[in-house]
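Colleague: heads up, no residue letters with this:
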């Protein structure tokens, strides 16, 4: 397979949303949008696969349950939404006994309770490898979801926290739900995306969707992380977003929320007119090296 | 793991729906229900796992894509709903090349177009085994979804077609969407469920949810299928439902819809007062032997 992005584009072309559908936004953003008279419903699905997204050796059952839900909640956060419910599909292999499955659902449910996400249903199967898919539905006021496509030349680019932590050590990531709502409601962000596939790839995607280019300096990073890691490492739960320059106050980071979900907004660059999707880092072209499931090795 | 039913009960107890949630119905029926001012939204998720639900040797990529969506649509049919959109999560192993993935989405999309289900989003990953999870959202008028819990003593029990076809030969099953809407809108069915896990287990579940017992005669079956197969074989896409005796006309099967989706409603028994979940077949207690992913062998 050539690349995840290419496959996604082909799917969107294969299956256009029919006219008159309540689907306001289909394939290609962090969530799909279903419009109701009262509000917009956001939908996202994310898989967690044994050996790909977690390791039995490093992740406890509770860690896996937590992370399975956190990945989808991060997409709701990126659109500035409030999570409402989830469906959990779980494929259980031989090695996962009753105790493991209980632990998985305890970890998932603790985060569900903390974030107001009702566990509404799902599916259970057996299989050779543990695989999980969590669908989350969230809400935003009609027309107010943060999209990838709204960035304009002159907008300032921010991240919600430090980057570059290796995902294997990232056992209980906190989706940036409070930050997502704040940047939507108070800062009126023009565009947003979560950094699940790494800054270089996700900023490229945001710029491509918005038809703009970008220049950035070094992003904030975890102690011990290299600039390369901060630029390309995936599995981050921080948000990348853009603010109109009248709103963004250059160089004035601000903190949001209480521990454990404490985000620190840091400006890292500017949106430019230019070839759509082109990103420069300290003046040099930045290749989109973030995580792609199907990149040729 | 003891059994899928037991695990489902434990999950429902672990994660009760919080008061004030728009979730009108959570874990335990064919779909969850999310209430909006305009209508009820139905949600269901179903996995399709390599080696469990399909075989590479017998199922083409298009068959797999068709079936992945058909399973979830069958749950929408069982509630009398109209499908609106789906999210598709697909974990792709090494053996599945571009051509296979294209075929998968062509098969899925053909059924999506035929049934008015927009492909709104999803997730792609790599992994060792092919695994797919399809979430479908459907709509019904507020409060009108067919539930498992509405059967009352004296109601007549029907199935929508013959049973007992081995699933390996069931390559492009047709979800009973037209039949589901007819039995809801015109026949005002009191309860319904799809027969994905087999008549004996699914009738037991419907009776348990309704607090009633049931007696049935031999169900209609495919040529060559034994009565045992018709009673216990899973992976059927027919609906099981109950009608108030004033509506049901005993012994008068009726056909619904056009080919390829042509359902023939056949009465197979009666709902009784009795131990909740107890089913008798030709006077003898019928064990709930249908398909359970976690039954001890």
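Modeller: Received it, and whenever you're ready, just let me know what you need. All of these numbers come straight from a predicted model, not from anything done at the bench. Numbering: from 1, shown residues only, chains lettered A, B, ... in the order given.

Colleague: what about the nearest residue to residue A:243 once chain neighbours are set aside, distance to residue A:132?
Modeller: Nearest residue to residue A:243, sequence neighbours excluded (C-beta to C-beta, 6 or more residues apart in numbering or on different chains): residue A:156, at 5.1 Å. From N, CA and C alone the C-beta is placed, and that goes for glycine too. From residue A:156 over to residue A:132 the distance is 37 Å, taken as C-beta to C-beta, to the nearest Å.

Colleague: which strand residues bridge the spatially most central residue of chain A?
Modeller: The centre of chain A sits closest to residue A:194, judged by C-alpha atoms, centre = their mean, with a distance of 3.2 Å. Counting by DSSP bridges, residue A:194 forms beta bridges with residue A:239.

Colleague: Provide a list of residues in contact with it.
Modeller: Contacts for residue A:194 (C-beta atoms under 8 Å, 6 or more residues apart in numbering or on different chains) come out as A:30, A:74-75, A:77-78, A:176, A:202, A:236-240.

Colleague: quick one: residue A:216 and chain B, what's the gap?
Modeller: According to C-beta to the nearest C-beta, to the nearest Å, residue A:216 stands 27 Å off from chain B.

Colleague: typed the wrong thing, it's residue A:82
Modeller: As for residue A:82, its distance to chain B is 11 Å (criterion: C-beta to the nearest C-beta).

Colleague: how many neighbours does that residue have?
Modeller: The number of residues packed near residue A:82 is 17, by other C-beta atoms under 10 Å in any protein chain shown.

Colleague: does it touch residue A:116 like I think?
Modeller: Yes. The pair residue A:82 / residue A:116 is scored as a contact, 7.3 Å apart, by C-beta atoms under 8 Å.

Colleague: which residues do those two both contact?
Modeller: With C-beta under 8 Å, 6+ apart, residue A:82 and residue A:116 have no common neighbours.

Colleague: list phi and psi for residue A:106.
Modeller: Listed backbone geometry of residue A:106 is phi -70, psi -40, with angles given as degrees, to the nearest 10.

Colleague: any idea how far it lies from residue B:11?
Modeller: With C-beta to C-beta as the criterion, residue A:106 and residue B:11 are 11 Å apart.

Colleague: can you pull out the helices in chain A?
Modeller: A:4-14, A:61-78, A:98-115, A:177-185, A:199-210, A:227-232 (DSSP state H).

Colleague: tell me the angle the third one makes with helix A:177-185.
Modeller: This means helix A:98-115. 30 degrees (axes from the mean of the first three to the mean of the last three C-alpha atoms, to 10 degrees).

Colleague: is any residue of helix A:98-115 near chain B?
Modeller: Yes. Counting by C-beta under 8 Å from any C-beta of the partner chain, chain B has neighbours in helix A:98-115: A:98, A:101-102, A:105-106, A:109, A:112.

Colleague: spit out the contact partners of the closest residue to chain B within the stretch 151-297 of chain A.
Modeller: Going by C-beta to the nearest C-beta, chain B is nearest to residue A:293 of the stretch 151-297 of chain A, at 4.6 Å. Taking C-beta under 8 Å, 6+ apart, we find residue A:293 in contact with A:4, B:92, B:124-126.

Colleague: next one: residue A:99
Modeller: Shown in contact with residue A:99 (C-beta under 8 Å, 6+ apart): residue A:61.

Colleague: could you redo the last one with a cut-off of 6 Å?
Modeller: Applying C-beta atoms under 6 Å, 6 or more residues apart in numbering or on different chains to residue A:99 gives no contacts.

Colleague: packed most tightly, which of the helices of chain A would that be?
Modeller: Mean neighbours per residue, mean count of other C-beta atoms under 10 Å in any protein chain shown, is largest over the helices of chain A for helix A:61-78, with a mean of 27.

Colleague: just confirm residue A:74 contacts residue A:173, I think it does.
Modeller: No. At 7.7 Å, residue A:74 does not count as touching residue A:173 under the criterion of C-beta atoms under 6 Å.

Colleague: list the residues that contact both of those two?
Modeller: residue A:237.

Colleague: for residue A:225, which non-adjacent residue is closest in space?
Modeller: Ranked by C-beta to C-beta, 6+ apart and with sequence neighbours excluded, the top spatial neighbour of residue A:225 is residue A:164, at 2.9 Å.
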